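Trainee: Generate a structure from the sequence data that follows.
(one chain, ligands or ions: 1)
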Amino acid sequence: MDIPLPWVLSIDSGLRYLPYETGLNQLQGKTMNRVDNKVALVTGGGSGLGEASSIMLAKEGASVVVTDVDGDAARRTEEAILQQGGQAISLEQNVVDEKRWKEVMDLTIDKFGQLDVLVNNAGVSGANTGIFEETTLDQWRMVMQINLDAVFLGTQKAVQVMKDKGGSIINISSIMGIVGGAGAAYNASKGGVRLLTKSVAAYCGLNGYKIRVNSIHPGYIWTPMVRNVLPYVEDLETEEQLKAFLTEKHPIGRLGEPDDIAKGVLFLASDDSCFMTGSELVIDGGYTAV
Ligand SMILES: NC(=O)c1ccc[n+]([C@@H]2O[C@H](COP(=O)([O-])OP(=O)(O)OC[C@H]3O[C@@H](n4cnc5c(N)ncnc54)[C@H](O)[C@@H]3O)[C@@H](O)[C@H]2O)c1
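Mentor: Numbers count the residues shown, from 1 in each chain. This is a model prediction of the structure:
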């Protein structure tokens with residue numbers, strides 16, 4: 001066999017080869033169905049990380065409810081999934097609307113019968129909140145509402161639905177929820193998501209709910225959100241300059257791709273991460289390591 005296989009340690013047979021790891025399956029062009037029979041809801045699924053996560057979850061066997069405040073964008077992701085033979089529906093949803101959360105949960109259960117995975121991904125950069133001395137309370141609240149309040153709403157509604165059968169809640173925070181540097185409102189909202197996640201993870205565990213709650217902390221990923229920050233960065237005029245400026249902050253030598261984060265979402269959605277809850281999965285090309 002030319003292809004090197006990964007080693008695994010098995011209690012019954014000692015050290016042996018197991019042709020199971022993604023390396024081999026990717027070489028053979030196969031998917032692993034790591035989330036077969038699961039139903040996943042992804043907010044902000046019309047673009048960037050949410051789009052990539054929705055498509056990857058569907059490829060790996062999940063039925064996906066793609067929601068976005070931009071209903072057309074959500075529909076495009078749904079169509080991409082259906083074209084690849086996956087299962088999906090799309091719904092227009094503004095994540096700050098509590099009543100809509102209840103409707104979205106009901107529609108999910110009506111269509112697919114259950115909810116196993118929630119990805120709280122929708123968010124805004126808050127780049128337009130300006131310099132700190134001039135940020136208004138309304139601007140601050142707008143960022144908090146979308147990036148933090150809505151994650152509370154989604155997490156709460158998911159816990160209500162999942163508490164008997166269990167599930168996995170994945171909250172997309174940021175490296176900017178660990179270190180500063182992106183504007184006070186964005187940093188505070190993403191830091192809030194980090195601790196909301198740990199708090200609810202502990203609550204669920206201590207109450208015997210089989211619900212895992214984890215956060216993901218991406219470094220810079222080249223999506224519309226990041227591209228649209230350009231007008232707010234002093235001294236930079238082109239996208240190429242912005243890319244180079246941001247790339248320098250990642251020791252790995254490149255910016256992230258949406259799929260780099262989708263792979264983390266898939267891992268936390270799957271049973272491969274069954275002993276993880278309250279964790280922060282940092283996927284940042286080394287940004288926070290230096
Ligand atoms: N791109 C990065 O570098 C990066 C890094 C760290 C964290 N994140 C986080 O990842 C998440 C996704 O970011 P992205 O880069 O894919 O951005 P994006 O702008 O490409 O996509 C965000 C999506 O969320 C939707 N959205 C915005 N407000 C909404 C609302 N109120 N209700 C429902 N949907 C709404 C948008 O319509 C859009 O489709 C965000 O939470 C962001 O903070 C991104």
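Trainee: So what's the residue count around Val229?
Mentor: 19 (other Cβ atoms under 10 Å). In this view, the C-beta of every residue, glycine as well, is placed from N, C-alpha and C.
Trainee: Now do the strands in this protein.
Mentor: For the chain, the strands defined by DSSP state E cover 7-10, 14-17, 39-42, 63-68, 87-92, 117-120, 167-172, 211-218, 280-283.
Trainee: Once you drop chain neighbours, what's closest to whatever residue of the stretch 51-200 of the chain ends up closest to the ligand?
Mentor: Here the residue of the stretch 51-200 of the chain nearest the ligand is Gly123; by Cβ to the nearest ligand atom that distance is 2.3 Å. Spatial nearest neighbour of Gly123, excluding adjacent residues (Cβ to Cβ, 6 or more residues apart in numbering): Asn147 at 4.9 Å.
Trainee: isn't that neighbour right next to Lys190, touching?
Mentor: Yes. Counting by Cβ atoms under 8 Å, Asn147 touches Lys190, with 6.5 Å between them.
Trainee: ok, back up a step: residue contacts, the residue nearest to Gly123?
Mentor: Under the criterion of Cβ atoms under 8 Å, 6 or more residues apart in numbering, the contact list for Asn147 reads Gly123, Val124, Gly126, Tyr186, Ser189, Lys190, Gly192, Val193.
Trainee: Spatially, which two of the residues you listed are the most separated?
Mentor: Val124 and Gly192 (14.2 Å; Cβ to Cβ).
Trainee: which parts of this protein sit against the ligand?
Mentor: Along the chain, the residues adjacent to the ligand under the rule Cβ under 6 Å from any ligand atom are 43-44, 46-50, 68-70, 73, 93-96, 121-124, 146, 172, 174, 218, 220-221, 223-226.
Trainee: cutoff 5 Å now
Mentor: Within the chain, the residues that sit near the ligand (Cβ under 5 Å from any ligand atom) are 44, 46-49, 68-70, 94-95, 121-123, 146, 172, 174, 218, 220-221, 223-226.
Trainee: Give me the pLDDT for the residue nearest to the spatial centre of the chain.
Mentor: The residue lying closest to the centre of the chain (Cα atoms, centre = their mean) is Ile172, at 4.4 Å. The model reports Ile172 with a pLDDT of 99.
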